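Engineer: Give me a 3D structure for the following:
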Amino acid sequence: MAVTDKTTLGARLRELRLAKGLGLREAATIAGINHGYLSQLERDEVAQPAPPVLQKLAAAYDEPFLLLMRWANYLEDDPQGLSANQSRALKIMGEPTAAELQAIKAVLDAMRAGRADMSALQRLDGHLDQADRAEIRRHVLALLRRADALDVIPTPLDQVTEISKLVIAGEVTLSPAVTRRLRERFGDLVDKALELILGSVQFDSREVYLQKGLYHLKHRFVHAHEIGHDLLPWHRELYASLDDKTRLKPEVHDQYERQANQAAIEILTQGDRLRAEADDSALSFDLINRVGSQFEISVQATARHVVEETHQACALAISYRGSGTGKLMPPHLYSSRSFEEGFHWQSDRAPAPLIQQHLRAAQRGDALEPITLADVRGRIATVHLDSLCTPQAVFVLFRCSPEKKPLLTRLTHVEWPLRSH
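Structural biologist: You can find the predicted model right below:
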């Protein structure tokens, strides 16, 4: 239906509902959302509802999902830039140079002419809210049930791919003739571009492409990541309908990639299954390595997932090594809910010098002794440390000991390092 361009998102949604002859509760029931939340949307009390909500409303009102995403200001025009699928392909760590970007675009154009839109994977730091996580887990568990893969460890990805009506169509490659032609223009940047493109799902033909030569655990994660893009309906519908002159805004694009990463880890860990096994004992890297091997997930992905999901009070610092120098980069920090409630490290109180000190000690191979920290209420807690060094990164695990006393000893004075802004 035609909706006035100058109206707000809320007014447009209300106009769509009324045109369908639906009451507020009836429309909310059809869309599968809370009627109070729909009322807030129509009153513009929520300026930019999440894409999953818009996808449900688009289905309920029989309107294009792309239209509602544009109304909510998630899209932007980019007539001179990369196409939507090419932008999705550039999920790489860091920013490519202008020359690299030109080479990557040429490679993607060549691949697209050969009927595949390729994509790659980025190590995206950032957190999804609980609503996003719950929605993604709901879709993943439903898929695993359909595939009869629940409690089959490690997750049988070929079985999940088949029930998703996807097919592994081949590898991320170029023909020798096309490779030669592109190398004449871009030299060895062509090979670098191919290395950055890890995987793809082509929505119209239901084909998945994966880069040749990925080591086993990375191959599984990329495979699950592409299944995740196809599984989440607000991903599948949007990418299938975006044209070459429209793209997701960068911050929305990153959010979609975090969601696909979350879907991948949920597929591989089978929702809460890995967390439950890890919580049987005090967390350590020996335990993380054991359950990671059992589920066939990398230590990095296992450690982050366990720490964010565990019922134990713990935090994880990861410092990646610079590709050229091996020097430790600024750390990434993750924590369990109970640790964050006690120490607020991720919000505003992370003791950066302390964290970096123990990362450097772990890099040197020093033994890490327990430390004493004060929580936000000024109470003392003993924190045990464990470390792991890999060629890619250094990890330090901070784990609070279970308290036997009802109250911790109170510190008389605690000085926290000021956080730089």
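
Engineer: I'd like to check which residues are in contact with residue 152.
Structural biologist: Contacts of residue 152 were listed using Cβ atoms under 8 Å, 6 or more residues apart in numbering, and they are residue 159. Heads up, the C-betas are built off the backbone N, CA and C, glycines and all.

Engineer: any idea how far it is from residue 23?
Structural biologist: 44 Å (Cβ to Cβ, to the nearest Å).

Engineer: Over to residue 206?
Structural biologist: Per Cβ to Cβ, residue 206 is found 38 Å from residue 23.

Engineer: if you count what's nearby, which of those two comes out ahead?
Structural biologist: Applying other Cβ atoms under 10 Å to residue 206 and residue 23 shows that residue 206 carries more neighbours, namely 14 against 11.

Engineer: dump the residue contacts of the residue lying closest to that one once chain neighbours are set aside.
Structural biologist: Closest residue to residue 206 apart from its sequence neighbours, by Cβ to Cβ, 6 or more residues apart in numbering: residue 166 at 5.2 Å. Contacts for residue 166 (Cβ under 8 Å, 6+ apart) come out as 201, 206-208, 227, 230.

Engineer: mind running it again at 10 Å?
Structural biologist: Residues near residue 166 by Cβ atoms under 10 Å, 6 or more residues apart in numbering: 160, 201-203, 205-208, 223, 226-227, 230-231.

Engineer: Drop the exposed ones from those residues and show what's left.
Structural biologist: Buried subset of the contacts of residue 166 (neighbour count, 16 or more other Cβ atoms under 10 Å): 160, 201-203, 207-208, 223, 226-227, 230-231.

Engineer: which one of the residues you listed is nearest residue 73?
Structural biologist: Ranked by distance to residue 73 (Cβ to Cβ), the buried ones among the contacts of residue 166 are led by residue 203 at 23.8 Å.

Engineer: and that closest one, what pLDDT?
Structural biologist: Note on residue 203: pLDDT of 69.

Engineer: and if you look at residue 350?
Structural biologist: As predicted, residue 350 sits at a pLDDT of 78.

Engineer: Give me the nearest residue to residue 224, chain neighbours excluded.
Structural biologist: residue 264 (3.7 Å).

Engineer: ugh, typo on my part, it should be residue 334
Structural biologist: residue 316 (4.7 Å).

Engineer: quick one: that neighbour is in a strand?
Structural biologist: Yes. Assessed by DSSP: H, G, I helix; E, B strand; the rest coil, residue 316 belongs to a strand.

Engineer: closest to residue 254 among the buried ones among the contacts of residue 166?
Structural biologist: Ranked by distance to residue 254 (Cβ to Cβ), the buried ones among the contacts of residue 166 are led by residue 226 at 17.3 Å.

Engineer: Tell me which other helices or strands the helix or strand where residue 18 lies touches.
Structural biologist: Take DSSP states H and E as the rule and residue 18 turns out to sit in helix 9-19. With contacts taken as 3 or more Cβ pairs under 10 Å, 6 or more residues apart in numbering; DSSP states H and E, helix 9-19 sits against helix 24-31, helix 35-42, helix 51-61, helix 65-71.

Engineer: Point out the one among those that comes closest to residue 9.
Structural biologist: helix 65-71 (5.0 Å).

Engineer: where does this protein have low pLDDT?
Structural biologist: Across the chain, the ranges flagged by pLDDT under 70 are 1-6, 77-126, 169-175, 178-179, 181-198, 200, 202-204, 243-246, 402-421.

Engineer: how does it divide into domains?
Structural biologist: Annotated domains of the chain cover 9-73, 77-269, 298-400 [automatic domain parsing].

Engineer: Just the CA trace of stretch 251-264, in PDB.
Structural biologist: Only the C-alpha atoms of stretch 251-264 are listed here, as PDB (Å, rounded to 0.1, in the frame of the first residue of the first chain):
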ATOM      1  CA  GLU A 251      26.900  -0.300  12.100                       C
ATOM      2  CA  VAL A 252      24.000  -2.400  11.100                       C
ATOM      3  CA  HIS A 253      26.200  -4.500   8.800                       C
ATOM      4  CA  ASP A 254      28.500  -5.200  11.800                       C
ATOM      5  CA  GLN A 255      25.500  -6.100  13.900                       C
ATOM      6  CA  TYR A 256      24.400  -8.700  11.300                       C
ATOM      7  CA  GLU A 257      27.800 -10.200  11.300                       C
ATOM      8  CA  ARG A 258      27.800 -10.500  15.100                       C
ATOM      9  CA  GLN A 259      24.500 -12.200  14.800                       C
ATOM     10  CA  ALA A 260      25.800 -14.700  12.300                       C
ATOM     11  CA  ASN A 261      28.800 -15.300  14.500                       C
ATOM     12  CA  GLN A 262      26.500 -15.900  17.400                       C
ATOM     13  CA  ALA A 263      24.400 -18.300  15.300                       C
ATOM     14  CA  ALA A 264      27.500 -20.200  14.400                       C
END
